[in-house]
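S.K.: Got a sequence here, can you build the structure:
(one chain, ligands or ions: 1)
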Amino acid sequence: MYIAGGVELKRYFVAPGRINIIGEHTDYNEGFVMPAAIDKYVLLSIEKNGNGRIHLSSMGREPVSFEESVIEKTGDWSDYLKGIIWILKNKLDAKFGGMDIDIRSSLPEGAGLSSSAALEVALIVALNSVFDLKLSETQLYNYAQEAENDFVGVKCGIMDQFTAVMGRRNKAIFLDTLKMQYEYVPLELGDYTLLVFDSKVHHSLSRGAYNSRREEARKALEILGRSSYREVSMVDLFPNRGKMGDLYYRRALHVVSENMRVLESMKILSNSNFENLGRLLIQSHESLALDYEVTCEETDFIVDTLREMKGVSGARMIGAGFGGSVLALCEKTEEKKIVEVVKTRYKEKFAIDIDCYEVRPSDGAREVEASFPL
Ligand code: GLA
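M.R.: Numbers count the residues shown, from 1 in each chain. I've put the predicted structure just below:
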């Protein structure tokens, strides 16, 4: 696959998107999350070119080309890839000598399925392997997050990059983002299935609003006089409501209650009680809507439609929010009907054709053959 008569050929790598079963906007608050990698991927091909220039191309987009020694942010899709090259130069003084990188993807962008982390992780895993950088799994996801935080400028938590590296088939991952300890949680869904409804809306405020939620959550903690959300329980919150003010109180309430829901979900999943898990998904969505205020009319509408339907255990928005996708836990026998009804009602209300697909928990980033089915 790699060496043919001493000539290096193109190599291929994939990185998955992710869903998040529960634990939203908790990762940058040192809390708990329970994501799973999914069977939708970024497929990256890489080939050394020896001319010191990096060429990036991606599915009909304007190609981007630059000297490896001059990496500048341009505010477009290529920043996620440039960020990885930038971080490896900073950390390891890495020199690649130029390369051609092409991207294909089955992962919709702006759908809250973490296509940006998949881009970053596909490249860092590819460079690690092609240039034998000997990075550990921990370095792979930490460097990818740093690239997004410090080069792209989104102060994201660790969940997405972690999942793109560490995902496992048929498993969700329980991750304690404070201790960075994790456990694979079997997701044997039996008669149930996971559906993603992509609202197709991506409100442009998302990047700034994401960073400001992060600041508000931090400020709420400061008012409480604590250094970590792990030192805060519901009992600490209620008496401080006046002191905190409504906004900071609600931000903190979401974080603390969402962490409790993740822990509860762990227990529930150990006995495969999907009806109870569904109830927690609904509660999570309500908390994201009312207290953290990261949902929007479109995702609220999808959840409201779903929760009234037979065969739906629960549903909630996933990812950063402000549009993006809703994850629903449904009975397989009702799937067709559920999809049909949501599609029709959404179209009637917003005049948008919603996308819906079933997702399966999948493995993390890896090298694949050129023929990998996207
Ligand atoms: C985005 C970020 C993650 C996480 C989620 C919200 O996907 O990249 O780190 O904060 O939003 O849970």
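S.K.: tell me the average confidence for stretch 63-74?
M.R.: Across stretch 63-74, the average pLDDT comes to 95.
S.K.: Ok, stretch 10-18 next?
M.R.: Across stretch 10-18, the average pLDDT comes to 98.
S.K.: Name the residues of it that come out as buried.
M.R.: Across stretch 10-18, burial judged by 16 or more other C-beta atoms under 10 Å covers Arg11, Tyr12, Phe13, Val14, Ala15, Pro16, Gly17, Arg18. Where you see a C-beta, it was placed from the backbone N, CA and C, and this is true even at glycine.
S.K.: so which of these would you say is closest to the ligand?
M.R.: Using C-beta to the nearest ligand atom, Arg18 comes nearest to the ligand of the buried residues of stretch 10-18, at 8.3 Å.
S.K.: what helices or strands is the helix or strand hosting the closest one leaning on?
M.R.: Using DSSP states H and E, Arg18 maps to strand 11-22. In terms of contacts (3 or more C-beta pairs under 8 Å, 6 or more residues apart in numbering; DSSP states H and E), strand 11-22 is packed against strand 32-48, helix 115-130, helix 159-166, helix 246-270, helix 274-290, strand 312-318, strand 323-331, strand 366-368.
S.K.: How far does that strand sit from its chain's centre?
M.R.: The chain centre lies 8 Å from the centre of strand 11-22; the measure is C-alpha atoms, centre = their mean, to the nearest Å.
S.K.: who touches Leu290 in this structure?
M.R.: The neighbours of Leu290, taking C-beta atoms under 8 Å, 6 or more residues apart in numbering as the test, are Arg250.
S.K.: Read off the pLDDT value for it.
M.R.: pLDDT, Leu290: 98.
S.K.: Now distance to Ile84 too, for the helices and strands packed on strand 11-22, in JSON lines please.
M.R.: Output for those, formatted as JSON lines (distance: least, C-beta to C-beta, whole Å):
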{"stretch": "strand 32-48", "distance to Ile84": "11"}
{"stretch": "helix 115-130", "distance to Ile84": "5"}
{"stretch": "helix 159-166", "distance to Ile84": "11"}
{"stretch": "helix 246-270", "distance to Ile84": "29"}
{"stretch": "helix 274-290", "distance to Ile84": "30"}
{"stretch": "strand 312-318", "distance to Ile84": "24"}
{"stretch": "strand 323-331", "distance to Ile84": "23"}
{"stretch": "strand 366-368", "distance to Ile84": "16"}
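S.K.: Looking at the ones you listed, which one is packed in the most?
M.R.: helix 159-166 (a mean of 28; mean count of other C-beta atoms under 10 Å).
S.K.: Give me the helices and strands touching it, please.
M.R.: Applying 3+ C-beta pairs under 8 Å, 6+ apart, one finds that helix 159-166 contacts strand 11-22, strand 32-48, helix 115-130, helix 137-146, strand 171-176.
S.K.: close to the ligand, is that helix?
M.R.: Yes. Judged by C-beta under 6 Å from any ligand atom, helix 159-166 comes into contact with the ligand through Met159, Asp160.
S.K.: Please export the C-alpha coordinates of that helix as CSV.
M.R.: These are the backbone C-alpha positions of helix 159-166, laid out as CSV (Å, rounded to 0.1, in the frame of the first residue of the first chain):
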residue,chain,number,x,y,z
MET,A,159,-14.7,15.9,23.4
ASP,A,160,-14.7,16.0,19.7
GLN,A,161,-11.0,15.4,19.0
PHE,A,162,-10.9,12.8,21.8
THR,A,163,-13.8,10.9,20.2
ALA,A,164,-12.4,11.1,16.7
VAL,A,165,-9.2,9.4,17.9
MET,A,166,-10.6,7.0,20.5
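S.K.: Between strand 32-48 and that helix, find me the angle.
M.R.: Helix 159-166 and strand 32-48 meet at an angle of 60 degrees, taking axes from the mean of the first three to the mean of the last three C-alpha atoms, to 10 degrees as the criterion.
S.K.: Go ahead and name everything in contact with helix 159-166.
M.R.: The set of residues external to helix 159-166 that reach it, using C-beta under 8 Å, 6+ apart, is 15-18, 20, 23, 27, 33, 35-37, 114, 116-118, 120-122, 125, 137, 140-142, 144-145, 148, 173, 175, 177, 182, 364-365.
S.K.: Swap in 6 Å and give it another go.
M.R.: With contact meaning C-beta atoms under 6 Å, 6 or more residues apart in numbering, helix 159-166 is reached by 15-16, 18, 27, 33, 35, 37, 114, 117-118, 121, 137, 140-141, 144-145, 364-365.
S.K.: from the chain's centre, how far out does it sit?
M.R.: Mean-position distance between helix 159-166 and its chain equals 8 Å (C-alpha atoms, centre = their mean).
S.K.: Repeat that for stretch 172-181.
M.R.: How far stretch 172-181 lies from its chain's middle: 14 Å, per C-alpha atoms, centre = their mean.
S.K.: mind listing what's buried in that stretch?
M.R.: Under the neighbour-count criterion of 16+ other C-beta under 10 Å, stretch 172-181 has Ala172, Ile173, Phe174, Leu175, Asp176, Thr177 buried.
S.K.: just the residues you listed now: which is nearest the ligand?
M.R.: The nearest member of the buried residues of stretch 172-181 to the ligand, counting by C-beta to the nearest ligand atom, is Thr177 at 9.0 Å.
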